[in-house]
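**Q** Fold the stuff below for me.
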Amino acid sequence: MMRCNPNGNYPKIDKTAYIDPTAVIIGKVKIGKNVFVAPGAVIRADEQKSFIVIGNNCNIQDRVIIHALGNSSVIIGKNTSLSHGCIVHGPCKIGKGCFIGFGAVIFKALIKDNVFIKSSAVIEGVKIPNKKFIPNGAIIVSPRAVKSLQSISREEIVFANKVVEVNLRLAKGYRLENRGLASDSQSHKKEE
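**A** As a prediction, the model looks like this:
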């Protein structure tokens, strides 16, 4: 479901994106090319002067919540995956090629490019440099915690790229399926 926010801002979604009918997208939201938004996702820019931008080739998986506080934004770089049930709350910026794990929470943070965040991690009020790895359940809320982070491994880079590829195929497949259903629906109407 897509709808405007109280200020009259309506989502702008590229025609190549796939948005599941059970997803909710409200307000000043811009969704780029080939983006996949899965069932139950909520993307909400409904507070005063808030906005959300989701870059090309991203995937927003089941039950992900993206919300921007008033006078803030959420920017998600291209080729980034937001896994099942994670929460991204603005003000927040996530770079390109990132992987955000199941149930992770990100708030008031700047995540640079190619960062790999595992499940249930909490990142708040910090800047994460390029190519860092954040383990399962980590709580990163201080510069000291950031300094202790290790670099992403080749294995994590391969995994993150594979998740993007799979979801690009899903977006394309669902778009084609929906076109086929629309065509079938039109041919059934003509037969009646």
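
**Q** show me the contacts for the residue nearest to the spatial centre of the chain.
**A** Centroid-nearest residue in the chain, with C-alpha atoms, centre = their mean: Ile60, separated by 3.9 Å. Shown in contact with Ile60 (C-beta atoms under 8 Å, 6 or more residues apart in numbering): 23, 35-38, 41, 43, 54, 66, 82. For glycine as for every other residue, the C-beta is placed from the backbone atoms N, C-alpha and C.

**Q** closest to Leu168 among the residues you listed?
**A** Nearest to Leu168, judged by C-beta to C-beta, of the contacts of Ile60 is Phe36 at 7.2 Å.

**Q** Relative to Tyr174, how far out is the closest residue to Ser142 other than its chain neighbours?
**A** Nearest residue to Ser142, sequence neighbours excluded (C-beta to C-beta, 6 or more residues apart in numbering): Val126, at 6.9 Å. To Tyr174, Val126 is 36 Å away according to C-beta to C-beta, to the nearest Å.

**Q** Select, from the contacts of Ile60, the two members most distant in space.
**A** Taking C-beta to C-beta as the measure, those reach their widest spread between Phe36 and Ile66, a distance of 13.9 Å.

**Q** Thr22 is in what secondary structure piece?
**A** When elements are assigned from DSSP states H and E, Thr22 belongs to no helix and no strand.

**Q** Assign Asn9 to helix, strand or coil.
**A** Three-state call for Asn9 (DSSP: H, G, I helix; E, B strand; the rest coil): coil.

**Q** Report the contact partners of it.
**A** Contacts of Asn9 (C-beta under 8 Å, 6+ apart): 27-28, 45, 51.

**Q** got a winner among those residues for most neighbours?
**A** Counting neighbours by other C-beta atoms under 10 Å, Ala45 comes out on top of the contacts of Asn9 with 28 neighbours.

**Q** thought it was touching Lys28?
**A** Yes: proximity of Ala45 to Lys28 meets the contact threshold set by C-beta atoms under 8 Å, at 4.6 Å.

**Q** Need phi/psi at the spatially closest residue to Val141 that is not a sequence neighbour.
**A** Leaving aside its sequence neighbours, Val141 sits nearest to Glu124 (C-beta to C-beta, 6+ apart; 4.9 Å). Main-chain torsions, Glu124, degrees, to the nearest 10: phi -150, psi 130.

**Q** burial of Glu124, as a residue count?
**A** Using other C-beta under 10 Å, Glu124 has 15 neighbouring residues.
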